[in-house]
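> Predicted coordinates and the sequence they were generated for:
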Amino acid sequence: MTNTANCYVPGRYAAIDIGTVTARLLIVDVQGNGSMTELHRDHAICNLGVGVDKTGRLAPAAIARVGEVVERFMRTIDELQPADGGSVIVTAKATSASRDAENAADFVATLADLGVELSVIPGQKEAALSFAGATSAFPGEDVVVLDVGGGSSEIIAGHAGGEPRFSHSFNIGCRRVTERYFESDPPAPADIEAAGTWIAAEMKDFLGKLVAGGFDGCRVIAVAGTATSIISMRERMEVYDSARVHGAMASRADVDALLGRLSAMSLAERERVVGLDPGRAPVIVAGVLIIQQIMQLLGASSFTASERDILHGIVLDSARKLG
């Protein structure tokens, strides 16, 4: 992956992204032209944002779960210190659940005790980082990037390698939608319809601007767990293969069919779906529903899944700041 701006400090970088559902780690070597060589990636479904939409607070047990995973991440980072005597430059960001929580400072303090300086970033910053990471894989194209998370979803449009022309962070995510709308197991059809109506109402004005701006016919890039899970489930991957997922396309018909299939299943049945991480089963129906509604409002016939996302954007941002 290459960024044309030759303003990066070479070195080994680690990015930690702590979302509402998942905590993730990426370790890469960065060259002066912005190209990256991936050394290691890891993730764990921690469900940091359980209950935040209703209580406005991060649960102590959820903070502890993330802390245990970050300890593991830090051990890996220590094992991958450069042989030349340099150090890994670590940047950690937290997104929607931490933004919404009145006790986010407690979470920041917990990670500080582990030697991790955590920044809770606003939605617009999250969107910009996702755009930078995702579009680095598609240079020269006009694109729309979808980053559907647990507590929020970011939609960004622009020219790959440049600044976004349009960007918005919505407080609509798979965990938030699930907790607000889905009370039964499986979710009731009326509840799915109500959730879809709410999503569309919240997003239609912004997506209408994208259509009016000429982005209705360009490539739609979808990042993060819902999008990559759609590909993995469609391909029935018993072992997740990022090389097969990255760059794969899913049609609107694929999304519609998968939503119908998953929404008819109980949680126990979804946990056994080939290609789906069981930890994502509680929120996957809402995630697929969000992507379906966005595609419908954009008039998009397909999306391209990308393994390059906010983690890569965090690395590029860190390297650029040092330059």
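Nice, I can see it.
> what ranges of the stretch 201-323 of the chain fall below the confidence cut-off?
Within the stretch 201-323 of the chain, the stretches with pLDDT under 70 are 321-323.
> show me the contacts for Ser251.
Ser301, Ser302 (CB atoms under 8 Å, 6 or more residues apart in numbering). Glycine gets a C-beta too; all of them are placed from N, C-alpha and C.
> can you do 6 Å?
Neighbouring residues of Ser251 by CB atoms under 6 Å, 6 or more residues apart in numbering: Ser302.
> Bridged to it, which residues?
The partner list for Ser251 in beta bridges (DSSP bridges) reads Ser302.
> Torsion angles phi and psi at the residue nearest to Glu141 when sequence neighbours are not counted?
Spatial nearest neighbour of Glu141, chain neighbours left out: Ala160 (5.0 Å); criterion: CB to CB, 6 or more residues apart in numbering. Here is the backbone geometry of Ala160 (degrees, to the nearest 10): phi -50, psi 130.
> any idea how far Ala160 is from Ser136?
7 Å (CB to CB, to the nearest Å).
> Comparing the two, which shows the higher neighbour count?
It is Ser136, of Ala160 and Ser136, that has more neighbours when counted by other CB atoms under 10 Å, with 23 against 20.
> could you pull out the strands for the stretch 1-150 of the chain?
With strands called from DSSP state E, counting those that start in this stretch, the stretch 1-150 of the chain shows them at 11-18, 22-30, 36-45, 89-94, 118-120, 142-148.
> Turn these into TSV, columns for mean pLDDT.
Formatted as TSV, the strands of the stretch 1-150 of the chain follow (pLDDT from 0 to 100):
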stretch	mean pLDDT
strand 11-18	95
strand 22-30	95
strand 36-45	93
strand 89-94	95
strand 118-120	93
strand 142-148	94
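> Out of those strands, which gets nearest to Leu267?
With CB to CB as the criterion, Leu267 lies closest to strand 36-45 of these, at 14.2 Å.
> Which strands and helices lie in contact with that closest one?
Strand 36-45 is packed against strand 22-30, with contacts defined by 3 or more CB pairs under 6 Å, 6 or more residues apart in numbering; DSSP states H and E.
> burial of Gly213, as a residue count?
13.
> Once you drop chain neighbours, what's closest to Val255?
Once flanking residues are discounted, Val255 sits nearest to Gln292: 5.0 Å by CB to CB, 6+ apart.
> I meant to write Ile16 there.
In space, Ile16 is closest to Ala92, 3.9 Å off (CB to CB, 6+ apart).
> Do I have it right that the one you found meets Val116?
Yes: checked against CB atoms under 6 Å, the pair Ala92 and Val116 is within contact range at 5.1 Å.
> so what's the residue most central in space within the chain closest to, chain neighbours aside?
Centroid check for the chain by CA atoms, centre = their mean gives Ala224 as the closest residue, at 3.4 Å. Spatial nearest neighbour of Ala224, chain neighbours left out: Asp147 (5.4 Å); criterion: CB to CB, 6+ apart.
> Please name the bridge partners of the one you found.
Under the criterion used (DSSP bridges), Asp147 bridges to Glu154, Val223.
> residues contacting it?
Ser130, Glu154, Val223, Ala224.
> Out of these, which end up buried?
Neighbour-count burial (16 or more other CB atoms under 10 Å) applied to the contacts of Asp147 gives Ser130, Glu154, Val223, Ala224.
> The second one contacts Ser130, doesn't it?
Just to be clear, that refers to Glu154. Yes: using CB under 6 Å, Glu154 is in contact with Ser130, at 5.5 Å.
> how near is Leu298 to Phe166?
For Leu298, the distance to Phe166 - CB to CB - is 12 Å.
> So between these two, which is more surrounded?
Between Leu298 and Phe166, counted using other CB under 10 Å, Leu298 has the larger neighbour count: 23 against 16.
> which residues touch that one?
Shown in contact with Leu298 (CB under 6 Å, 6+ apart): Leu207, Asp216.
> Domains of this protein: list them as residue ranges, please.
11-123, 137-305 (automatic domain parsing).
> Kindly reformat these as JSON lines containing distance to Ser318.
Below are those laid out as JSON lines (distance: least, CB to CB, whole Å):
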{"stretch": "domain 11-123", "distance to Ser318": "5"}
{"stretch": "domain 137-305", "distance to Ser318": "18"}
